[in-house]
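1. Take this sequence and fold it.
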Amino acid sequence: MNLKQQVSKWVPRADSVKIVRLRLVNTDLSSRHLSVFHYNDWVLGVQREKSTRYVITQIDSELHAILAQNYYNNEFAGRVAFSALFTEQRTENSFSSDRQEFIGRNHDIGRPQAVMAHQKLGGKEGALIDSCAATQSSLYLESGSSVNFYYLIGEAESEEEANALIHKYRDSEKLEASFNEIRNFWSNKLDRITVQTPAVELDLLANGWLQYQNIACRMWARSGFYQSGGAFGFRDQLQDAGPPYCSIDLWRGTKYCCMPPTNFPKETCCTGGTRPRVGAYARGLLTTCFGFLS
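-> Okay, the predicted model is just below:
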């Protein structure tokens, strides 16, 4: 296609938003007319098939965003999820919150009807639909020129906060600054020690990637790729705390959490040694601790 593509993903340190940057470069000798699609399934619960009927969506054409709420999710009923688009390139955008409209009857996500039909998305939103967040951007890309698309996926406590967060990142300088900040943050945290072995593959895993997985996914998100549940055991997951040279404070805190409950008030330890329970948001993740050591 003579079209170079590069995708970068990151999460700013201070905000609940995931940023996906798609960079396209037209290396062809002629200009190209492109339609770029971005698609997300809303879950906002445990299983998409069970929660999708309760998801209410709203399209904001000015912000180029789709907002979604699930009032049947007890803990997060008042919170707002969003999927937004930003680009400095002049584009013609259309949106849809209807999964059937995007994928189509007798089609699948690998061959969606909206892409095959070469038509604009219909802008469907509201309740009682198989919800999603689909965005289409059409543009002409001149020979030798490039374009950046930034897709924001996040959530906030209210619609006002969600709009403010989208507004904050409708600026390419702030977006790129957040990327550089988080890249430097992880480099400083994970570059404290490196290993060299005859196996290049092992070096790539050990020098940063597995340490990052342990801290970002296991320690903070409570959702490691090998066990999505969140508990820390004194034996089974002790190694997941990571070497102390990565983050001594995080490592020390985890060891304290894994101590028997007799060393702390009951409210300060949780099942598997997870963090203390904080209000209703801990449901499904954290419970009181029953102890690990005899």
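
2. ok, Thr52 - how many residues close by?
-> By other C-beta atoms under 10 Å, the residues close to Thr52 number 20. All C-beta atoms are positioned from the backbone trio N, CA, C, and that covers glycine.

3. Apologies, that question was intended for Leu22.
-> Under the neighbour criterion other C-beta under 10 Å, Leu22 is assigned a count of 17.

4. Over to Leu165?
-> By other C-beta under 10 Å, the residues close to Leu165 number 20.

5. Now the element after the strand or helix carrying it, going C-ward?
-> Leu165 belongs to helix 159-168 when assigned by DSSP states H and E. The helix or strand immediately downstream of helix 159-168 is helix 172-190, counting by DSSP H and E.

6. before we move on, what SS does the residue lying closest to Phe37 once chain neighbours are set aside have?
-> The shortest distance from Phe37 to any non-neighbouring residue, by C-beta to C-beta, 6 or more residues apart in numbering, is to Gln136 (5.4 Å). Taken by DSSP: H, G, I helix; E, B strand; the rest coil, the conformation at Gln136 corresponds to strand.

7. hang on, the earlier thing: so for the helix holding Leu165, what's the average pLDDT?
-> Average pLDDT, helix 159-168: 95.

8. could you say what helices and strands it packs with?
-> strand 65-70, strand 80-86, strand 146-156 (3 or more C-beta pairs under 8 Å, 6 or more residues apart in numbering; DSSP states H and E).

9. Tell me where the model's unsure across this structure.
-> 222-294 (pLDDT under 70).

10. can you pull out the helices in it?
-> Secondary structure of the chain (DSSP state H): helices located at 48-51, 99-103, 113-117, 159-168, 172-190, 200-204, 210-212, 248-257.

11. among those, which is the most enclosed?
-> Highest mean neighbour count among those (mean count of other C-beta atoms under 10 Å): helix 99-103, with a mean of 20.

12. Show residues contacting that one.
-> 39, 41, 52, 96, 109, 112-114, 121-122, 124, 129-132, 134 (C-beta atoms under 8 Å, 6 or more residues apart in numbering).

13. ok, those vs Tyr151, which is closest?
-> Nearest to Tyr151 among the contacts of helix 99-103 is Tyr39, at 10.1 Å by C-beta to C-beta.

14. Can you give me the separation between the closest one and Asn93?
-> Separation of Tyr39 from Asn93 (C-beta to C-beta, to the nearest Å): 14 Å.

15. before we move on, what about Arg53?
-> Arg53 is 27 Å from Asn93, by C-beta to C-beta.

16. Looking at these two, which is more packed in?
-> In this view Arg53 and Asn93 are compared by other C-beta under 10 Å, and Asn93 has more residues nearby, 16 against 13.
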